[in-house]
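> Provide a 3D model corresponding to the input given below.
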Amino acid sequence: YGVRAVKCSEESSSDEGREPAWPRAQRLGVNRRGPKRLSSAPEEVGRSGRYGPRMPRVLIIGASRGLGLGLVERHLADGWDVHATTRDAAPPGGGSGVETHRLDVTDMSQVNTLIASIDRPFDRIIHNAGIMRGTRDQIMAVNAVAPIRVVQALLDAGLLVSKGVIALMTSQLGARRGRT
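Numbers count the residues shown, from 1 in each chain. Purely as a prediction, here's the structure:
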């Protein structure tokens, strides 16, 4: 699927002959203040294609509040077709203009229902769902295991365009033994 990881670190002797880390990271969309703003649409969006001229689409998993809600608002402001998931299917922030889906990321039957309700692929899939309270097993199931299972199911269903972007976001709570 063309997935790439970007690691920005100080250069080591093994990097001889390679472009320095920061210029390489900046070219890939990262700068010292964090990632560039998520406003630019994928290159093929807006052109006539399989689905005709269209606006870019994003699926934001875990959009009821906080960072997920902020991502919904930002993508709406930038003209994206936004699909968002929440545990109770209430529109994020009580707003409109978003197609909302109910999703408990640990329930694969709900993941399959989500997949069946989607009519065409996304340009971005952002998995932001997470919890802070619960047993260690619950926290690991939601914050570490579910993002991989949910995104893999979406990919298997063909719900990401060929040069689409996947973002998996979690906190230190999703790390094993407190390490990332």
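
> now do the strands in the protein.
Ranges of strands within the chain are 30-31, 34-35, 57-61, 81-86, 98-102, 122-127, 160-168, based on DSSP state E.

> most tightly packed of the ones you listed?
Neighbour counts (mean count of other Cβ atoms under 10 Å) averaged over each of those peak at strand 57-61, with a mean of 27. In this view, the C-beta of every residue, glycine as well, is placed from N, C-alpha and C.

> angle of it against strand 122-127?
Strand 57-61 runs at 10 degrees relative to strand 122-127, counting by axes from the mean of the first three to the mean of the last three Cα atoms, to 10 degrees.

> give me the neighbour count for Asp107.
By other Cβ atoms under 10 Å, 13 other residues sit near Asp107.

> what pLDDT is listed against it?
Here the pLDDT value assigned to Asp107 is 95.

> cool, and the one 5 residues further on?
As predicted, Asn112 sits at a pLDDT of 96.

> Ile166 reaches Val151, doesn't it?
Yes - between Ile166 and Val151 there is a contact under Cβ atoms under 8 Å: 5.9 Å.

> quick check: neighbours shared by those two?
Shared contacts of Ile166 and Val151 (Cβ atoms under 8 Å, 6 or more residues apart in numbering): 125, 127.

> mean pLDDT added to the strands of the chain, as JSON lines?
Output for these, formatted as JSON lines (pLDDT from 0 to 100):
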{"stretch": "strand 30-31", "mean pLDDT": "45"}
{"stretch": "strand 34-35", "mean pLDDT": "46"}
{"stretch": "strand 57-61", "mean pLDDT": "96"}
{"stretch": "strand 81-86", "mean pLDDT": "93"}
{"stretch": "strand 98-102", "mean pLDDT": "91"}
{"stretch": "strand 122-127", "mean pLDDT": "96"}
{"stretch": "strand 160-168", "mean pLDDT": "93"}
